[in-house]
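Colleague: Any chance you could fold what I've pasted below:
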Amino acid sequence: MSTRWRPLVRDSLLAGARGLALCLLSIGASLALFVLSVLSMLLILLGVGVFTTPLVMTWVRMHANQRRLLAAQWSGVSIPPPYRPLPRDLRPGVTGMVERTTVLIKDPATWRDILWLLVDAIAGFVTALLALAPLVYGLEGLLIMAGLWVPLSGGYWYAVVPVDGFGSALLCGLFGVLFLSLGLAANRYPLQAHFLMAKSLLAPTRGAQLSQRVEQLYETRHDAVDSSAAELRRIERDLHDGAQARLVAMGMSLGTVESLIEKDPAKAKEVLAHARSASAEALTELRDLVRGIHPPVLAERGLGDATRALALRMQVPVEVDVELPGRFEEPVESAAYFSVSEVLTNAAKHSDATQVWLDIHYSKAAGGMLRIAVTDNGNGGASLHKGSGMRGIERRLGALDGVLAVSSPSGGPTLVTMEIPCEVSRARG
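Modeller: The predicted model follows:
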């Protein structure tokens, strides 16, 4: 077989195998769960459904989430979950079961899931079967031509051909080649249609998206307020414990100099030198504090040069690739800079990496997107749920509608990606 056709044949056979798996899921799991869901809802009238509905709906959502995962992995179709979060203060016992059932019944996504189960058991089965049928039917035609499938003695039809002799068997072979060619060329499209149909029912409606957006904005607003308050407390603590204490000590030293300058000039000179040293240390601490609030290089030179300067200060070698068309709004540059700083610091402290790669690019697609990727060759194991650093980055980016993703299998490598929707505020001169 020519190397040109191998990828096509491989992809077609893979689509056929996936179609078979989806057929079994549609006609088996979807149909069974639809029957269980309807029965459980009807049993609510008798009181029994209060206990069965939460369990059945858990199975339904697991089945729907599995289909979402397959849609993303097999066809690149993204189907976000639309479910409302369950209250955290549900009471135990029968009362809690009643509350849980009530919440599930009031969630429109529950009814859309049940409708999807029925549609998937019928139309979903058909579309999945279309990804497999041309290959199987074409293979049957070739087997008939070879005399390995049915006797060439009449009583059997293949497509529009009655199998009654060698001539009809040859015709079956021609039809088999036609069906196989059709399957090899187009059986991926029914698979795509299967997942697009699932998306039309499993994805959030516009109302649900708006509701989720309002909830997200509510959370990010509180996160932004909390972050600002924490930052102010940090600045106050650093000033109180650092520069302020040194300035007070320096004032006391100058008072001592006043009393010693005539009695013991040598001692006064020694105290004065100590005060000068303390003033230099206080100035250094104030500069570090100001740099922590908003680095001067970030304000003067922009995100690209600021991250390059940041990479030079890291203990681990950092290879930087920055391609930006200009400057962005100050909150965007600040959030991106401090997020990169946190990720690079984590890589230097915890990953045992010997090399880090930092890529920052801007895409004009979809209104503009700043994309940042930090990769290291360390031992992996990073997670959004470990420590407060990643959660802090997530909150910082969330205030700007940004997203954070971490891929860090055990043994490495670790890839941290950040995306911030934004527009160029000032083009590069």
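Colleague: contacting residues for residue 419?
Modeller: For residue 419, the contacting residues are 369-372, 402-403, by C-beta atoms under 8 Å, 6 or more residues apart in numbering. Every C-beta, even on glycine, is put in place using the N, C-alpha and C of the backbone.
Colleague: now do residue 367
Modeller: 421, 423.
Colleague: What pLDDT does the model give it?
Modeller: You'll see residue 367 listed with a pLDDT of 75.
Colleague: Count the residues that sit near the closest residue to residue 382 other than its chain neighbours.
Modeller: The shortest distance from residue 382 to any non-neighbouring residue, by C-beta to C-beta, 6 or more residues apart in numbering, is to residue 408 (3.9 Å). By other C-beta atoms under 10 Å, 20 other residues sit near residue 408.
Colleague: Check residue 188 too.
Modeller: For residue 188, the count of nearby residues is 21 (other C-beta under 10 Å).
Colleague: Distance-wise, check it relative to residue 179.
Modeller: Separation of residue 188 from residue 179 (C-beta to C-beta, to the nearest Å): 16 Å.
Colleague: Next, count neighbours for residue 65.
Modeller: 14.
Colleague: ok, now how distant is it from residue 86?
Modeller: Relative to residue 86, residue 65 is positioned 15 Å away (C-beta to C-beta).
Colleague: try residue 121
Modeller: For residue 121 relative to residue 86 (C-beta to C-beta), the value is 27 Å.
Colleague: Neighbour count: those two, which is higher?
Modeller: Using other C-beta under 10 Å as the criterion, residue 121 and residue 86 rank with residue 121 on top: 20 against 12.
Colleague: That one against residue 24, yeah?
Modeller: No. Contact between residue 121 and residue 24 fails when scored by C-beta atoms under 8 Å: they sit 11.6 Å apart.
Colleague: quick one: least confident helix or strand in this protein?
Modeller: helix 206-238 (a mean of 61; mean pLDDT, DSSP states H and E).
Colleague: okay, now residue 255: neighbour count?
Modeller: 12.
Colleague: Make sure it is indeed in a helix.
Modeller: Yes. Counting by DSSP: H, G, I helix; E, B strand; the rest coil, residue 255 is part of a helix.
Colleague: what's in contact with stretch 133-151?
Modeller: Residues outside stretch 133-151 that contact it (C-beta under 8 Å, 6+ apart) are 12-13, 16, 156, 158-159, 163, 169-170, 172-184, 186-187.
Colleague: Narrow those residues to those in helices?
Modeller: Under the assignment DSSP state H, these contribute 12-13, 16, 169-170, 172-184, 186 to helices.
Colleague: The closest residue to residue 319 other than its chain neighbours and residue 327, how far apart?
Modeller: Leaving aside its sequence neighbours, residue 319 sits nearest to residue 357 (C-beta to C-beta, 6+ apart; 5.0 Å). Remark: distance between residue 357 and residue 327 (C-beta to C-beta) = 24 Å.
Colleague: now do residue 108
Modeller: For residue 108, the distance to residue 327 (C-beta to C-beta) stands at 44 Å.
Colleague: neighbour count winner among the two?
Modeller: Using other C-beta under 10 Å as the criterion, residue 108 and residue 327 rank with residue 327 on top: 18 against 14.
Colleague: Need the phi and psi values for the more buried one.
Modeller: Main-chain torsions, residue 327, degrees, to the nearest 10: phi -100, psi 160.
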